[in-house]
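Peer 1: Based on what follows, work out the 3D shape:
(one chain, ligands or ions: 2)
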Amino acid sequence: MSAPSPHAPLAITMGDPAGIGPEIVAKAFRDGRLDAALVIGDIEVMRRAVRCIGATMLPVAVIERVADLPRVPPGCMPVLPATQLPALPAFGAIDAAAGAAAHDCIRRATELALAGEVGAVVTAPIHKEALAAAGIGFPGHTEMLQAYAGAPEVRMMLANDELKTVLVSIHVSLRRAIEAVTFENVLQTVRIAHRSAALWGQPKPRIAVAGLNPHAGEGGLFGDEELRIIGPAVEAARAEGIDARGPFAPDTVYMRARDTADHPGEFDLVIAMYHDQGLIPVKYLGVERGVNVTLGLPFVRTSPDHGTAFDLAGSGRADASSLVAAAEMARRLAAGRAAGGTG
Ligand SMILES: NC(=O)c1ccc[n+]([C@@H]2O[C@H](COP(=O)([O-])OP(=O)(O)OC[C@H]3O[C@@H](n4cnc5c(N)ncnc54)[C@H](O)[C@@H]3O)[C@@H](O)[C@H]2O)c1
Ligand SMILES: N[C@H](C(=O)O)[C@H](O)COP(=O)(O)O
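Peer 2: Ligands and ions are numbered 1, 2, ... in the order given. Model (predicted):
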């Protein structure tokens, strides 16, 4: 892995071409909300996205390498082709070719990030069933990026300006998620979250660890994972000098951590025991504000917190705010890395 220059551009992958990914990327460029960034995509898909949003003044500038970016005139959307679909896919439908094209772009962006040519990767949403239809054996970006980057352990964080949560397990059934609540997984999640927090300027984060069961098991009445597994993992983290506390009742810990002008949060981060425990509180605060961050990769990767929104694809109505927030977060984290942070 070569270290990128602090001024290296962002690579934005186009996402699933049947979803809203290409059009929110185009919208963010049209509105001047993405600078020093290039799209890793399919040229015709990105031209269609420009038409979808009615952006008559947004030419697609095709570039062959990242180094060509400074020569792109202002007001254009730079696209580095990483794939070429034989035909444009229909909007709003699962399509194996679309899944394969989305995958090609993520793979290329990963190569560029590992080579230090781009400073961070921002991924527009993909459809997991389209990915599977294309025969790609990863449930989502997180697992795919972990494999392609050769990262030993990664975790998903969802964040907005009021809450940050890091998950013990990601894209698995609830049954398997419960099995994944082990001493080692909980402790490792706390460690990764603690280490990564320096990237966004919190070198000593106050970490709350949620329980698994209602009321964190209520002293063992409703399950004993808190007593057998989670509590000891919190103690082990504390013995390592990490400010971890808990386990706390999952239904109230987010309310306590939420940081607003009227209510300063009691914690900087919440460790969630499984996907929905962590993602519901953040998404509920607004799909336009959340950012998904992969912790533990050798480069920065962020994404909007929403999916492909097949119900809106092609309408030009999708909101690009979460993508823009993801790009802003990527720049902040890349600066944290340039300053010596890891995570
Ligand atoms: N970053 C990612 O790649 C990512 C993130 C989440 C979900 N997904 C995938 O996306 C697919 C569809 O998931 P889903 O239907 O559960 O969730 P979704 O986020 O695509 O849609 C949920 C609802 O939110 C609305 N919505 C989403 N994004 C919006 C936007 N930018 N502007 C306005 N409204 C928006 C949709 O119209 C829909 O009503 C699934 O395959 C899922 O796994 C991918
Ligand atoms: N769990 C994520 C969410 O709901 O926001 C989403 O599936 C994206 O996951 P990847 O970043 O791994 O594709």
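Peer 1: residues contacting the residue of the chain found nearest ligand 1?
Peer 2: Residue nearest to ligand 1 within the chain: residue 307 (2.2 Å; CB to the nearest ligand atom). From N, CA and C alone the C-beta is placed, and that goes for glycine too. By CB atoms under 8 Å, 6 or more residues apart in numbering, residue 307 lies in contact with 19, 125, 127.
Peer 1: same check, this time on residue 24
Peer 2: Under the criterion of CB under 8 Å, 6+ apart, the neighbours of residue 24 are 124, 304, 318-320, 323.
Peer 1: for residue 149, same thing?
Peer 2: Residues counted as contacts of residue 149 (CB under 8 Å, 6+ apart) are 110, 113-114, 297-299.
Peer 1: Turn these into a markdown table, including secondary structure, neighbour count and pLDDT.
Peer 2: Listed next are the contacts of residue 149 as a markdown table, based on DSSP: H, G, I helix; E, B strand; the rest coil; neighbours: other CB atoms under 10 Å; pLDDT from 0 to 100:
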| residue | secondary structure | neighbour count | pLDDT |
| --- | --- | --- | --- |
| 110 | helix | 25 | 98 |
| 113 | helix | 27 | 97 |
| 114 | helix | 19 | 97 |
| 297 | coil | 22 | 97 |
| 298 | coil | 14 | 95 |
| 299 | coil | 27 | 96 |
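Peer 1: Mind picking the one among those that's closest to ligand 2?
Peer 2: Using CB to the nearest ligand atom, residue 297 is the member of the contacts of residue 149 that lies nearest ligand 2, at 11.4 Å.
Peer 1: Verify the contact between the closest one and residue 144 for me.
Peer 2: No. Counting by CB atoms under 8 Å, residue 297 sits too far from residue 144 to count as a contact (11.0 Å).
Peer 1: thinking again about what came up before, in helices, which of the contacts of residue 307 fall?
Peer 2: Per DSSP state H, helices hold no members of the contacts of residue 307.
Peer 1: Turn these into a markdown table, including neighbour count and pLDDT.
Peer 2: A markdown table is the format used below for the contacts of residue 307 (neighbours: other CB atoms under 10 Å; pLDDT from 0 to 100):
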| residue | neighbour count | pLDDT |
| --- | --- | --- |
| 19 | 31 | 98 |
| 125 | 26 | 98 |
| 127 | 25 | 97 |
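Peer 1: hang on, the earlier thing: just checking: which of the contacts of residue 149 also lie near ligand 1?
Peer 2: For ligand 1, no contacts are drawn from the contacts of residue 149 by CB under 6 Å from any ligand atom.
Peer 1: could you pull out the strands for the stretch 201-343 of the chain?
Peer 2: With DSSP state E, counting those that start in this stretch, the ranges of strands along the stretch 201-343 of the chain come out as 207-210, 244-248, 269-272, 291-295, 301-304.
Peer 1: what's the answer for the stretch 51-200 of the chain, then?
Peer 2: Using DSSP E, counting those that start in this stretch, strands in the stretch 51-200 of the chain cover 60-62, 77-81, 120-123, 155-159, 164-167.
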